[in-house]
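Enquirer: Need coordinates for the following:
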Amino acid sequence: MSSGTVGLPLAARAWQAHAGLIAILQPIALVIVSVIVFYTIRHLFFTMNRLFGRQRHPYLDITQADWPAVTVIIPAHNEEQVIEQILERVVAVDYPADRLKILCVDDRSVDRTAQILDAFARAHPDRIQVLHRAMDAMPGKAAALVDATALVVGDIALVFDADYLPGAGIVKQLVAPFFDPEVGGVMGRVVPYNSDTNLLTHLLELERSGGYQVDQQARANLRLIPQFGGTVGGVRVSALKAVGGWNPYALAEDTDITYRLAIAGWKVAYQNRSECYEEVVESWQARYRQLRRWSQGHNQALFRHLLPLLRSPYATRRERFDGALLLGIYAMAPLLLLGWLVLYVLWLCGDNGSGLLLMLAVVSYGTFGNAAAFYEIAAALRLDGERDKVKGVPLILIGFFVSTYAATAGFFMALGDVVRPGRVHWHKTPRYRDRKNAPDPVGP
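Expert: Presented below is the predicted three-dimensional model:
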């Protein structure tokens, strides 16, 4: 028997194996393409709405009112580098002093945070209260908020991260939507103040501009679900208690409460002109850890709230639909990596047609789709009057690859939390303000 006679059936069997693998992978490729294209269209639709659609700012004109009692909660875990500036800003905000309580939570700090908070409380005994949590208390920001909520005065609680610099008028701006009885939560716009430090901080400024100026505002315009952010936002305490309070086991307590409010029929308002200034991370290692944590917490919310949202009799159809897409945003990273793998295998099997289609879709998403898509960022820069910064938009691709792998790691960590629930850690974001002369931006 010649070698050609033996080789023929082997080649035929190999071809059949390849054909079978292609038949399995092609439907998977089609699903991945469909999801990626749909998310890409979603970002484009938001951009068009923001540029040419009707803009909703229903609470912008509320400047004079019988302002209610408000408690500003500032959780702090080892925040000696930044805590003084936010306290100075909050004490000076434009709000009736007798109706504003500042509740600082010293969450098991081992640096000078506790001493700084106590000094401010002594200087402003009628306005500032400090809650010192025990060293053996449950860790995590959500757990700190649980303890703080028990001391809230009034039905409105605002939450500011310790590194934020609020503008003088932000408390009134965030309180104004709560005159609407349907509003259970409110979110302001986050703007980096240290964007000129290095390439990473510049890219984060671009990302924030697209995410807030376009994505959040478009969802508000379309009456979808703007996401409450625990960094500069507020909740109606009665609504919070009605949905069970803060979940101390939620790593992303802001996403968690956004969806529990929406499932129960409460609205989240977004105030695009209520700016608060943040210190973004300045190292790629810190950025990776931050994104991984966000992805882990967001995907925890995905696993926990997707089905209840889809079944909610209180959420509108459009809120259920886009709310589900928003929940899945961090799950796109592992799907994208799976797409790359499927593309590679299809190419190895000789199916260049499907591989090309998938490659175009994946590259399209990698170029234009992310939490803040390229065209969302470009539109935001136009709306903000900062067109000169558009030259940095192509560099967002660098951050995209980092976010893809970090979000994928967070996705699998969230899956691990399903198997081993109850593990909570305070993920400390590094601060940089003591290494430079921090600007003191003047906000509205």
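
Enquirer: right, and the helix or strand after the worst-scoring helix or strand of the chain on mean pLDDT?
Expert: Ranked by mean pLDDT, DSSP states H and E, the helix or strand of the chain with the weakest confidence is helix 352-368, at a mean of 58. Next helix or strand after helix 352-368 toward the C-terminus (DSSP states H and E): helix 374-383.

Enquirer: And that next one, what does it pack against?
Expert: Other helices and strands packing on helix 374-383, by 3 or more CB pairs under 8 Å, 6 or more residues apart in numbering; DSSP states H and E, are helix 3-52, helix 199-209, helix 352-368. Heads up, the C-betas are built off the backbone N, CA and C, glycines and all.

Enquirer: what's the average pLDDT for that helix?
Expert: Averaging pLDDT along helix 374-383 yields 88.

Enquirer: So which bits of it are buried?
Expert: For helix 374-383, a neighbour-count test (16 or more other CB atoms under 10 Å) marks Phe374, Tyr375, Glu376, Ile377, Ala378, Ala379, Ala380, Leu381 as buried.

Enquirer: who touches the fifth one in this structure?
Expert: I take that to be Ala378. Val390, Val393 (CB atoms under 8 Å, 6 or more residues apart in numbering).

Enquirer: For Ile116, see how far away it is.
Expert: 41 Å (CB to CB, to the nearest Å).

Enquirer: how about Pro68, secondary structure?
Expert: Taken by DSSP: H, G, I helix; E, B strand; the rest coil, the conformation at Pro68 corresponds to coil.

Enquirer: so it sits right up against Leu174, yeah?
Expert: No: with contacts counted by CB atoms under 8 Å, Pro68 stays clear of Leu174, the gap being 11.9 Å.

Enquirer: What average pLDDT does whatever helix or strand Gly339 lives in get?
Expert: Using DSSP H and E, Gly339 sits within helix 332-348. Here helix 332-348 scores 84 as its mean pLDDT.

Enquirer: pLDDT (mean, whole number) over stretch 179-193?
Expert: Stretch 179-193 shows a mean pLDDT of 96.

Enquirer: Okay, buried residues for it please.
Expert: Counting neighbours by 16+ other CB under 10 Å, stretch 179-193 gives Val183, Gly184, Gly185, Val186, Met187, Gly188, Arg189, Val190, Val191, Pro192, Tyr193 as buried.

Enquirer: Buried residues, stretch 19-27. List them.
Expert: Buried, per 16+ other CB under 10 Å, within stretch 19-27: Ile22, Leu25, Gln26.

Enquirer: How about the secondary structure of the closest residue to Ile170 other than its chain neighbours?
Expert: Among residues not flanking Ile170 along the chain, Ser274 sits closest, at 5.3 Å (CB to CB, 6 or more residues apart in numbering). Classification of Ser274 using three-state DSSP returns strand.

Enquirer: Tell me, how many residues neighbour Ser274?
Expert: Neighbour count of Ser274, defined by other CB atoms under 10 Å: 28.

Enquirer: try the one 5 residues further on
Expert: A count of nearby residues for Glu279, using other CB under 10 Å, gives 24.

Enquirer: Just to check, it is in contact with Thr197?
Expert: No: with contact defined as CB under 8 Å, Glu279 and Thr197 do not form a contacting pair (9.5 Å).

Enquirer: Show me the strands in this protein, by range?
Expert: Listed in chain order, the strands of the chain (DSSP state E) span 70-76, 100-107, 128-133, 156-160, 165-166, 183-192, 232-236, 267-278.

Enquirer: List the residues that are in contact with both of Glu279 and Thr197.
Expert: Tyr432.

Enquirer: Output the below-cut-off pLDDT ranges for this structure.
Expert: Where the chain drops to pLDDT under 70, the residues are 1-17, 352-372, 422-427, 434-444.

Enquirer: gap between the nearest residue to Gly328 once chain neighbours are set aside and Glu319?
Expert: In space, and not counting its chain neighbours, Gly328 is closest to Leu302: 6.3 Å by CB to CB, 6+ apart. Per CB to CB, Leu302 is found 16 Å from Glu319.

Enquirer: Same check on Val232?
Expert: Counting by CB to CB, the gap from Val232 to Glu319 is 23 Å.

Enquirer: Between the two, point out the one with more neighbours.
Expert: More crowded of Val232 and Glu319, by other CB under 10 Å: Val232, with 27 against 23.

Enquirer: hmm, back to that, which positions within the helix holding Gly339 qualify as buried?
Expert: Met332, Ala333, Pro334, Leu335, Leu336, Leu337, Leu338, Gly339, Val342, Leu343, Val345, Leu346.

Enquirer: same deal with stretch 49-61?
Expert: Asn49, Arg50, Arg56, Tyr59.
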